[in-house]
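K.L.:
Based on what follows, work out the 3D shape:
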Amino acid sequence: MSNKILLTTLNARYMHCAFGLRYLYANLGELQALAQIREFTIQQRPIDIVEQLLAQKPRIVAFSVYIWNVSETGEVIALLKQVSPQTIVVVGGPEVSYRDDLPDLAERVDYIITGPGEISFRQLCADLLGNRPVASAIIAGKAPSLDALELPYAHYNAEDIRNRLIYVEASRGCPFKCEFCLSSLDKTAKPFDLKRFLDAMDDLYQRGARNFKFIDRTFNLKIGTSVSILEFFLQRMDENLYLHFEVIPDYLPQKLKQVLARFPPGVLQFEIGVQTFDPEIQQTISRRQNNQNTCDNLRWLRQNTGAHIHADLIFGLPGDTLENFAHSFDRLVALRPQEIQLGILKRLRGAPINRHSDAYQLRYNPLAPYNILSTRDIDFATMQRVTRFARFWDMIGNSGRFGNTLPLILGQRPFHSFLEVSDFLYQLAGSTWKIALRRLFSLLFIALTEQMKLRPEAVRQALEADYQRCGQKGAIDLDGPKLEMVSRSGIANKRQRQHGK
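P.N.:
Prediction:
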């Protein structure tokens, strides 16, 4: 029997699982026997995806649409409808959840479910397969009672558990109102029944799952629940266990600290959204954050736990300037998180921050991922510089490969020093992409000795130590004609760009 219902999406990478699709599948009731999940990645050719979908001869194909896959999903839907116009296409997800702000692909689909889909999608499929009329092409999803939901964890298969991130959630929603985030539209955070949730986690653990990524927006909101979950995993500790949590940066009570300190290094990763240290910007975007508590907590985590800290900053918020952002970056660097994720503000459909677009002249890319291009206080050229900064920071600051070299770059003014290096690297390389690791070391030697005027021997010593530490074979050549060619070719590329060649 062919699968009458196909649930599908295009993941950013193979290692990601489509958590939302598993929720829809788990809650299809008697229709589950007619359904199947098929996952792809954005790297696959749309025409190949369409071929594989239609090979199942589905009557309904449902796509989960996000900011990172909306362009590719639109191409797949366009092809699918061209080849098989009778196939019913349903879409859901954040990118199509606001009927007054829909992407172009909405014009090619048959039905759109806005908001939660577990109840509404099952009803839509029942009506379509039962040849019953559907009142509207745009269906407002009904928020389900969490106790009534079927949990999705049984639908992670052995391959998922062996090779992919396992997404889990102990709660839904967020009580905070940070306007850049879609979770600001939630009324509150609601927990799943703790025993039921931990029973599901135990089943996953017994089946071999060790890589758990919690998607709760505020894992440490209710400390009693947080401690219970952490104690659950402490009782099952082994060398392969890995837990990812998103935590509120300024709330770390003593009871939680005591449990965190018991975890060995390498088990915990905390995603901590600092976003900005500027009080005026925080007020503009309705973000409540005690900056001193945030700093104290980050400092405590680094000094007293083996947790890996992934801290987020956003550039381009209303009222932000280059100097404001430099201050936030420098303050965060001093707290020594292992990673600093520099995000460029993006326009999320339905996010309350869009109310500031006129007053702050927020100009976004019309194409996904809708990154901001300029604001009242940040011109396009500056935005491009910081975008390149973010890319080079990932390669150098976040990669972990340049532990000896990075302190030489940052000096006393981390942001401006790294920005200077970033600008010069771009002049040399002509790009921020497809730079081989060996070439990056050579480019850094040129940037630090020629642009920043650092002592060549100190730079050489740091780079050679980092090169050997990251497992590269052989010695790195930081001298000679090859290096001279790197420098000259980069400058030549710059001249060609300036003359439009």
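
K.L.:
Helix or strand with the lowest mean pLDDT in the chain?
P.N.:
Lowest mean confidence among the helices and strands of the chain (mean pLDDT, DSSP states H and E): helix 480-498, at a mean of 50.

K.L.:
distance of the closest residue to residue 213 other than its chain neighbours from residue 269?
P.N.:
Spatial nearest neighbour of residue 213, chain neighbours left out: residue 244 (4.3 Å); criterion: Cβ to Cβ, 6 or more residues apart in numbering. Using the backbone N, CA and C atoms, a C-beta is placed for each residue, glycine as well. Remark: distance between residue 244 and residue 269 (Cβ to Cβ, to the nearest Å) = 5 Å.

K.L.:
Kindly report the same for residue 327.
P.N.:
Using Cβ to Cβ, residue 327 is found at 26 Å from residue 269.

K.L.:
Check residue 316 too.
P.N.:
Going from residue 316 to residue 269 by Cβ to Cβ gives 26 Å.

K.L.:
Which of these two has more residues huddled nearby?
P.N.:
residue 316 (26 against 17; other Cβ atoms under 10 Å).

K.L.:
Check whether the more buried one really touches residue 378, as I assumed.
P.N.:
Yes: the pair residue 316 / residue 378 is scored as a contact, 6.3 Å apart, by Cβ atoms under 8 Å.

K.L.:
for the closest residue in space to residue 362 that isn't next to it in sequence, what are its contacts?
P.N.:
The shortest distance from residue 362 to any non-neighbouring residue, by Cβ to Cβ, 6+ apart, is to residue 375 (5.5 Å). Residue 375 sits next to 316, 318, 320, 360, 361, 362, 363, 383 when contact means Cβ atoms under 8 Å, 6 or more residues apart in numbering.

K.L.:
Next up, the contacts around the fifth one.
P.N.:
Contact criterion Cβ under 8 Å, 6+ apart gives 374, 375, 376 as the residues in contact with residue 361.

K.L.:
what number of residues lie near the residue nearest to residue 152 when sequence neighbours are not counted?
P.N.:
In space, residue 152 comes closest to residue 22 once its chain neighbours are excluded; the distance is 3.6 Å by Cβ to Cβ, 6+ apart. Per other Cβ under 10 Å, the neighbour tally for residue 22 reads 20.

K.L.:
If you count contacts, what does the one helix or strand residue 22 maps to end up packed against?
P.N.:
Element membership for residue 22, per DSSP states H and E: helix 19-26. With contacts defined as 3 or more Cβ pairs under 8 Å, 6 or more residues apart in numbering; DSSP states H and E, the packing partners of helix 19-26 are strand 5-11, strand 35-41, strand 60-64, helix 118-129.

K.L.:
Please produce JSON lines containing those, extended by mean neighbour count.
P.N.:
As requested, the helices and strands packed on helix 19-26 are exported to JSON lines (neighbours: other Cβ atoms under 10 Å):
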{"stretch": "strand 5-11", "mean neighbour count": "24"}
{"stretch": "strand 35-41", "mean neighbour count": "18"}
{"stretch": "strand 60-64", "mean neighbour count": "25"}
{"stretch": "helix 118-129", "mean neighbour count": "19"}
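
K.L.:
Who are the contact partners of residue 379?
P.N.:
Residues near residue 379 by Cβ under 8 Å, 6+ apart: none.

K.L.:
Please report the distance of it from residue 193.
P.N.:
52 Å.

K.L.:
cool, residue 351 as well?
P.N.:
Using Cβ to Cβ, residue 351 is found at 30 Å from residue 193.

K.L.:
next one: residue 129
P.N.:
32 Å.

K.L.:
My read is that residue 18 contacts residue 11, right?
P.N.:
Yes: look at residue 18 against residue 11 with Cβ under 8 Å: they come within range, at 6.2 Å.

K.L.:
Now the common contact residues for these two.
P.N.:
Shared contacts of residue 18 and residue 11, counting by Cβ under 8 Å, 6+ apart, come down to residue 39.

K.L.:
Poorly predicted segments of this protein, please.
P.N.:
1-3, 480-501 (pLDDT under 70).

K.L.:
Using the record, which stretches count as separate domains in it?
P.N.:
Using automatic domain parsing, the domain ranges for the chain come out as 5-146, 156-378, 400-501.

K.L.:
Show me the helices in the stretch 51-200 of the chain, by range?
P.N.:
Under the criterion DSSP state H, counting those that start in this stretch, the stretch 51-200 of the chain contains helices at 70-83, 118-129, 158-163, 194-206.

K.L.:
Could I get the contacting residues of the nearest residue to residue 71 once chain neighbours are set aside?
P.N.:
Nearest residue to residue 71 in three dimensions, chain neighbours excluded: residue 368, at 4.9 Å (Cβ to Cβ, 6+ apart). Applying Cβ under 8 Å, 6+ apart to residue 368 gives the contacts 67, 68, 70, 71, 103.
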